[in-house]
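*Asks:* Next input, structure requested:
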Amino acid sequence: MTDLSSFPITNKWPAAHPGRLQLYSLPTPNGVKVSIMLEETGLPYEVHLVDFGKHDQTTPEFLSISPNNKIPAILDPNGPGGKPLALFESGAILVYLASKTGQLMPKDDAGRYETLQWLMFQMGGIGPMFGQVGFFHKFAGKDYEDKRPRDRYVAEAKRLLAVLDKHLEGREWIMGDQYTIADIASFPWIRNLIGFYGAGELVGFQVFANVARALAAFVARPAVIRGLGIPARG
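*Replies:* Numbers count the residues shown, from 1 in each chain. Predicted coordinates for the structure are as follows:
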């Protein structure tokens, strides 16, 4: 049996199946990237809920594999060379899982780098900017009298959506006919922007027809439907 006892995180979240990849997460746009990826690839895994309400993300056990106290994080007992590997940062995890499984990443070098390019577009643009729209539209920032911060992030969200919409013209997915980790990274955030954040009208989402089309196809995928609810909230 695989022994993960040297990893402190397993003291707080014991592994019932230590031979499987361990996922520590929450069903947020970043968290579901990895659960969707795992559902798409069919890689066996065990999921553990990181409860922000209980400040699980700041515990020493969680910080031992995710020092930036952010979800998701993984512990793969069967990492490179057959040794356990712990990883944090959703983008890094997606790249790792694509490499491990040989799925959802183009085989050719040019396609791989183009996919990584769009993954970085999400990590550096869509995620942070859409998150700020959420703060200023739905959460505490909505009460600020000065709307200039909100409007700044709304304008940037619109710009990013326009970039993606233009790119998707004539393409089924971000990389054309091939569904990749770039889609898995991007569309949970777009779904969250117009759904949970309720900012669709604010950003004029109705004009981004190509993004809307690809989003509809994404959320209809069986693995996405499953992954969006993993882990179940307590």
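*Asks:* for this protein, which helix is longest?
*Replies:* helix 148-168 (DSSP state H).
*Asks:* so how many other residues sit close to E172?
*Replies:* Applying other CB atoms under 10 Å, we find 14 residues neighbouring E172. No exception for glycine: its C-beta is placed from N, CA and C like everyone else's.
*Asks:* Quick check, it in contact with A217.
*Replies:* Yes. With contact defined as CB atoms under 8 Å, E172 and A217 form a contacting pair (7.3 Å).
*Asks:* Output the contacting helices and strands for the strand or helix carrying P188.
*Replies:* In this assignment (DSSP states H and E), P188 forms part of helix 181-194. Here helix 181-194 touches helix 29-41, helix 90-101, helix 109-121, helix 127-137, helix 148-168, helix 209-219, going by 3 or more CB pairs under 8 Å, 6 or more residues apart in numbering; DSSP states H and E.
*Asks:* rerun that using 6 Å as the cut-off
*Replies:* Contacts defined by 3 or more CB pairs under 6 Å, 6 or more residues apart in numbering; DSSP states H and E place helix 181-194 against helix 29-41, helix 109-121, helix 127-137, helix 209-219.
*Asks:* Specify the beta-bridge partners of Y45.
*Replies:* L21 (DSSP bridges).
*Asks:* Next one: D165 from A214, what distance?
*Replies:* Distance of D165 to A214, given as CB to CB, to the nearest Å: 9 Å.
*Asks:* for V95, same thing?
*Replies:* Counting by CB to CB, the gap from V95 to A214 is 21 Å.
*Asks:* try I184
*Replies:* 12 Å.
*Asks:* Need the per-residue pLDDT for G234.
*Replies:* You'll see G234 listed with a pLDDT of 71.
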